[in-house]
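Enquirer: requesting a structural model of the entry that follows:
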Amino acid sequence: MTDQSFIKVLWRGGLRFEVSSNLSTITGMKRKRDGFEEIPVERSQASQDYLALNKDGLIEALNHIDAQSDFGLFKTEVMHLLEVIESSDGQKPDSLSARAGHDSVALRRDVLVSELNQILESRTAERARYYLRRLEKGVKRVKTGKINDINLTRWKEYDDIITDSLWVLGKRDTSGAHLGWYWGNFIPQIPRQLMLRYTRKGDWVLDLFAGSGTTLIECKRQGRNGIGIELSDKVAERARELIAEEITPHSVKAEVIVGDSARADLKEILKNNGIEQVQLIIMHPPYHDIIKFSEDERDLSNEETSEGFLQRLGQIVDNATPFLERGRYFGLVIGDKYCNSEWVPLGFYCMNEVLKREYSLKSIIVKNFDETRAKREQKELWRYRALVGGFYIFKHEYIFLFEKK
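Expert: Numbering: from 1, shown residues only. Just a heads-up that it's a prediction; the model follows:
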């Protein structure tokens, strides 16, 4: 059992911990007039464990620790809290709100343990109290950015969000409704990362090349509304089937519309959904003529010249830009190509085309990929061709991130 003086502190704050003899379970007890109400906590089946703790009780416990004038006693109390946290069971994030109640706080256990260890490892009382008060601030406050749901007071819990400009992602996510059946699809991790950084739950995402529905499937997963424009009615119909298969707890819309993104009546499309603008645009066009997607003359993969391709790309950007909120983001996913034994920096040509409009360049992300459908099972052949032809095999593509001025 934990030290009784420490339990008393938590009790006074409206929360106590009861730890079983084998240290395998923990039950939080919230004070009521006629006793205490259990806050059940379950082992997480997800990749991370979360704790549902009474917010006021935890803050009171941290304040009590901070009030210890003796540095040795200060660390002893931190150790007691650490023992309780390490012996507790986790809970799925999606079930926290339903089980824990409005006055509880959800904390990721490994991050909380790390922060408590950082306090214990501090050599000076001043530094230890600084880390303790920072932890208390993270429990007390929720500070999100203007365009996302990231709680900056608990920023350490978001290690799944990439902040580097080089993305080494390996194979595409094929879970749920994500299938690699379509030649032009991109990996779901790209729209997922852009949504987490640049949208909030309930925001609207516009994908101008919907393809197999990758972006809209991710919209359903992340609690965003999605609209996709797709030129091919057959591809659009298959995308709708896959999107419908994706089960989500979020009440959001995901719609695929057949049409030409350069001429689609986006004002009417948005109006039909009760909105005037979107909060994120994603565009993953053909890499010019590397793959012929259709015989449709409106298809960018059928443009005869790079100049024609860029002109059509600009028309699509012009059609969509008025419907993106000012200060919000546009992600363009594009790669380069070879033509007549020369490297064509198609990605940077497209970047420059967008910058002729009312956008500023926020970032250039290089995404590494180890496998593509075209090169799968042909690694030796491509290596031989590279040695013979004096070129290098494409292992990357770009994500150009623009902000609307």
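
Enquirer: now do the helices in the protein.
Expert: 4-12, 55-66, 71-86, 93-100, 109-121, 125-140, 189-198, 214-222, 233-245, 266-272, 306-320, 346-355, 379-389 (DSSP state H).

Enquirer: mean neighbour count, mean pLDDT and distance to residue 329 added to those helices, as CSV?
Expert: Every C-beta, even on glycine, is put in place using the N, C-alpha and C of the backbone. Output for these, formatted as CSV (neighbours: other Cβ atoms under 10 Å; pLDDT from 0 to 100; distance: least, Cβ to Cβ, whole Å):
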stretch, mean neighbour count, mean pLDDT, distance to residue 329
helix 4-12, 17, 37, 44
helix 55-66, 20, 90, 33
helix 71-86, 17, 91, 37
helix 93-100, 15, 41, 25
helix 109-121, 17, 95, 27
helix 125-140, 16, 96, 27
helix 189-198, 22, 96, 4
helix 214-222, 28, 95, 14
helix 233-245, 17, 93, 23
helix 266-272, 14, 98, 17
helix 306-320, 17, 96, 13
helix 346-355, 18, 97, 12
helix 379-389, 11, 86, 34
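
Enquirer: so can I have TSV of those helices showing distance to residue 150?
Expert: Output for the helices of the chain, formatted as TSV (distance: least, Cβ to Cβ, whole Å):
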stretch	distance to residue 150
helix 4-12	29
helix 55-66	20
helix 71-86	23
helix 93-100	14
helix 109-121	14
helix 125-140	13
helix 189-198	7
helix 214-222	13
helix 233-245	26
helix 266-272	26
helix 306-320	26
helix 346-355	26
helix 379-389	38
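
Enquirer: what about the ones you listed, which gets the closest to residue 207?
Expert: Residue 207 lies closest to helix 214-222 among the helices of the chain, at 4.1 Å (Cβ to Cβ).

Enquirer: which outside residues touch the closest one?
Expert: 176-178, 185-188, 191-192, 195-196, 199, 201, 205, 207, 210, 224-228, 239, 242-243, 246, 248, 250, 252, 254-256, 282 (Cβ atoms under 8 Å, 6 or more residues apart in numbering).

Enquirer: just the buried residues of those.
Expert: 176-178, 185-188, 191-192, 195-196, 199, 205, 207, 210, 224-228, 239, 242-243, 246, 252, 254-256, 282 (16 or more other Cβ atoms under 10 Å).

Enquirer: so of those, which ones are in strands?
Expert: 205, 207, 225, 226, 227, 228, 254, 255, 256, 282 (DSSP state E).

Enquirer: quick one on the thing from earlier: with respect to residue 403, which of the helices of the chain lies nearest?
Expert: Per Cβ to Cβ, nearest to residue 403 of the helices of the chain: helix 189-198, 9.2 Å.
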